[in-house]
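> Mind folding the following:
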Amino acid sequence: MASLLTVIAAGLAACSSHPSASASGPRLSGGVATFALQPSTNPTYIFPMDDPSNFNVPNIDRLQYLLYRPLYWFGVGTQPVFNASLSLAPAPTWSADGLTATIHLKNYRWSNGQPVTASDVQLWQDIVDANAAEWGGTVPGQYPGNVVSTSVINSTTISFTFNKKYNQQWALDNELGQITPLPAAWNVTSLGAPANSGGCSPGQLSKCVAVYKFLNAQAEDTSTYASSPLWSIVDGPWKLKSYNTTGQVAFVPNKAYSGPVKPSLSEFIEEPFTSDSAEFDSVLSSQGGVDVGYLPPTDAQDAAHVEADGFTISSWTAWAARFFDMNYNNPTAGPIFKQLYIRQAFEHLMDEKSIIKSIYDGYGSPEYGPIPSNIPNPWVSSYEESDPYPFSIPAAKSLITSHGWTIENGTAVCTKPGTGPSDCGAGVQAGQKLEFNLVYASGDSALESIMEVYKSDASEAGIQLNLQDAPFSTVISNRICQPGPACMWDMIAWGGWTYSPDYYPEGSLLFGTGAGANRGNYSNPQNDANDAAVLTASPSQANAAMVTYENYLTQQAAQIWMPESPSQITVVKDTLHGVLPQNSLLAMTPENWYFTK
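Residues are numbered from 1 along each chain as shown. Below is the predicted model of the structure:
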């Protein structure tokens, strides 16, 4: 899922929980808790079948999951693992041939009193089958196309039959884990129509196209979110109270919620901010401010002051890969990015250790490939952790000048076009320059600092980067394009990728040829083959297959890896409890939150 993974800055390495965090007075019922949204990250799309431009953390974790529960929930404490207690069903059972997964739903109900049924799961599958090209989670050759049939066995039981025997952990985490049951009241093509009147069903997929178009059109009208008879039917712990044009979202408890944890708060508010400084002013406000906020990089030196004002400070570590994109489909820059030596030079110019020291003040971890190393896991390999392209401006410069480029007035120019071992490479024209526009998400001062450092280091190797900032939503939407005049961006830095709702970190959604979230349009047959081996590996082969996939993608430098940092440094009022620990998949469960005196 696309995610803005806000970086952090100086003075935080020694931060720990405030001593009063474990203390509590009498538990209060009710109360309004306000959560600070980072700049440009307010949710903007409510229908839980996001198209590629809306497939991101703000929409899924800050809005949809609060209202509409996914079939399977992930995250136990800070670990990115399956959570059976918060899921709508236990883990599936598998047939002897390993092709069919059978799911038995628990007793959940929609807020309109109707049960959550196997037909609601089927409705999701029918709509996504008919509109796979519109959904941001689609991967060619994988879900949803690799489900060859489904069968509603009874009201609480449904089976999925796949086209081959898959790695069952991957199938749960990244296939079935992407499903969100949809109510029968959404199987319509107009407001006020009777439930299921849209006719979407396995044998009527053309009608599912019409249903999707209607629901998507309704979701694009944000002014109706709180009043819509569609979006008010929820099975999650919260309902919308209001959604306004500034991006503020207010939730109230869904009194019909069937899950194990009922909200204690009377209201939960997500408050947008235009800048880190505005958010921090609210944290320190004597008028109450926010209850759950974050410590901006530029105010890190005030950590002790924040704690003294009655806050607990805790890092929010994400199960995520941090990188920024090159656009392989750009008609001019794309042929340059397709040269391995160029990508290796880019990697040599990312000074991760200095960034961690000077910008994160040691509070981060290096990342040299697609598997996160900041959370203990069985997949990250010694090769990835070895830093195969350590920071070296001379090494980057040597790669460039030994492949047909001459540095003129500080900028590398292709003076030896061609496909030989010492030429610029296929598709690169004589006279082309290593000069690119790099757009990054605004509002994040540390990301801006990283971009400035990277620009400076790159210039010493003959690469000129023209930096521009833009709102997160603009950056994300600009990433999505096919070859042609509209696909002219060069490089984009937007934060990184949280492995959610594809929790098993094999990355086909990110780097598979034609995948919905592969916005840079990276395509490599060997990577696709390595990925396919991970997906079909037996339990005894799975880790080895993952290492092969990971090491190749690391060696290929598919995109430009950046060091990991916490998603944010969270500050929580000492009178608010249940916020910590934070889900490493960036999901929130404010139904666990409560105030004490």
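> can you map out the helices along the stretch 301-450 of the chain?
Ranges of helices within the stretch 301-450 of the chain are 303-308, 334-337, 340-348, 352-358, 382-385, 393-401, 445-459, based on DSSP state H, counting those that start in this stretch.
> can you put those helices in TSV and add mean pLDDT, mean neighbour count and distance to Leu580?
C-betas here are computed from N, CA, C, even on glycine. As requested, the helices of the stretch 301-450 of the chain are arranged in TSV below (pLDDT from 0 to 100; neighbours: other Cβ atoms under 10 Å; distance: least, Cβ to Cβ, whole Å):
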stretch	mean pLDDT	mean neighbour count	distance to Leu580
helix 303-308	90	16	14
helix 334-337	97	20	41
helix 340-348	98	22	35
helix 352-358	90	17	24
helix 382-385	95	16	28
helix 393-401	98	19	41
helix 445-459	93	19	23
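> quick one: which of those helices is nearest Thr589?
Nearest to Thr589, of all the helices of the stretch 301-450 of the chain, is helix 303-308, at 23.7 Å by Cβ to Cβ.
> CA atoms of that closest one as CSV?
Presented in CSV, the C-alpha positions along helix 303-308 are these (Å, rounded to 0.1, in the frame of the first residue of the first chain):
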residue,chain,number,x,y,z
ALA,A,303,11.2,16.1,23.6
ALA,A,304,11.8,16.5,27.4
HIS,A,305,9.5,19.5,27.4
VAL,A,306,6.7,17.6,25.8
GLU,A,307,7.1,14.7,28.3
ALA,A,308,7.0,17.3,31.1
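> elements contacting it?
When contacts are defined as 3 or more Cβ pairs under 8 Å, 6 or more residues apart in numbering; DSSP states H and E, helix 303-308 sits against strand 311-316.
> can I see the domain layout of this protein?
Using automatic domain parsing, the domain ranges for the chain come out as 12-44+236-310+566-595, 69-214, 320-561.
> Which stretch among those approaches Ile60 most closely?
Set against Ile60 and scored by Cβ to Cβ, the domains of the chain come closest in domain 320-561, at 7.1 Å.
> Report the separation between Gln541 and Pro376.
Relative to Pro376, Gln541 is positioned 22 Å away (Cβ to Cβ, to the nearest Å).
> Same list (the helices of the stretch 301-450 of the chain) but as JSON lines, adding distance to Val57.
As requested, these are arranged in JSON lines below (distance: least, Cβ to Cβ, whole Å):
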{"stretch": "helix 303-308", "distance to Val57": "24"}
{"stretch": "helix 334-337", "distance to Val57": "26"}
{"stretch": "helix 340-348", "distance to Val57": "26"}
{"stretch": "helix 352-358", "distance to Val57": "22"}
{"stretch": "helix 382-385", "distance to Val57": "24"}
{"stretch": "helix 393-401", "distance to Val57": "32"}
{"stretch": "helix 445-459", "distance to Val57": "15"}
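> nearest to His104, of those?
Per Cβ to Cβ, nearest to His104 of those: helix 382-385, 38.5 Å.
> Looking at Gln541 and Pro376, which one has more neighbours?
When neighbours are counted by other Cβ atoms under 10 Å, Gln541 and Pro376 differ, and Gln541 comes out ahead with 13 against 8.
> where in the stretch 301-450 of the chain is pLDDT low?
By pLDDT under 70, the weakly predicted segments of the stretch 301-450 of the chain are 363.
> now do the chain
For the chain, the ranges with pLDDT under 70 are 1-24, 297-298, 363, 478-486.
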